[in-house]
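Chemist: output the structure for:
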Amino acid sequence: MEGLADVVGVAKACSALSFPRSTFYRWRKAADAPQQPDIAPTVSRPPRRLSETEEGKVLDLLHSERFCNAAPAQVWATLLDEGTYLCSERT
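Modeler: Prediction:
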């Protein structure tokens, strides 16, 4: 396609091959663009996230025999009624 476009022009080459000109230009632009290195994005911890110790404490409580069959919302409400606040319900 690239060679034909160089000889007869992009419009005529695309018309003869029933190929959209916009797609031809998009492909050409992508081929000319410099390749980005494959770098995995770094995941940063939110500044207000629970510490490892706090997270472990919450998970131990959720896995305890008392709360093993309860939803996190129920656990949160029960603990709040007892005057204990470890974290938000969503956390």
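Chemist: rest of the way, CA atoms for contacts and neighbours
Modeler: Noted.
Chemist: any weak-confidence spans in this protein?
Modeler: Within the chain, the stretches with pLDDT under 70 are 1-2, 36-41.
Chemist: need the helices for it, in chain order.
Modeler: Using DSSP state H, the helices of the chain run over residues 2-8, 10-17, 21-32, 52-62, 72-81.
Chemist: in TSV: those, plus distance to residue 87 and mean neighbour count.
Modeler: Putting the helices of the chain into TSV (distance: least, Cα to Cα, whole Å; neighbours: other Cα atoms under 10 Å) gives the following:
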stretch	distance to residue 87	mean neighbour count
helix 2-8	61	11
helix 10-17	61	14
helix 21-32	48	12
helix 52-62	8	13
helix 72-81	8	14
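Chemist: right, so of the ones you listed, which gets closest to residue 42?
Modeler: helix 52-62 (19.1 Å; Cα to Cα).
Chemist: touching that closest one from outside, list them.
Modeler: With Cα atoms under 8 Å, 6 or more residues apart in numbering as the test, helix 52-62 has contacts from 67-68, 72, 75, 86.
Chemist: likewise stretch 78-91?
Modeler: Residues outside stretch 78-91 that contact it (Cα under 8 Å, 6+ apart): 54, 58, 72-73, 76.
Chemist: repeat that for 7 Å
Modeler: For stretch 78-91, contacts defined as Cα atoms under 7 Å, 6 or more residues apart in numbering pick out 72-73, 76.
Chemist: of the residues you listed, closest to residue 29?
Modeler: For the contacts of stretch 78-91, the nearest to residue 29 is residue 72 (50.8 Å; Cα to Cα).
Chemist: the closest one and residue 61: what is the separation?
Modeler: Noted for residue 72: a distance of 10 Å to residue 61, by Cα to Cα, to the nearest Å.
Chemist: same question for residue 78.
Modeler: Residue 78 is 12 Å from residue 61, by Cα to Cα.
Chemist: now swap in residue 18 and tell me
Modeler: In terms of Cα to Cα, residue 18 sits 65 Å off from residue 61.
Chemist: check residue 73 too.
Modeler: From residue 73 to residue 61 the distance is 13 Å (Cα to Cα).
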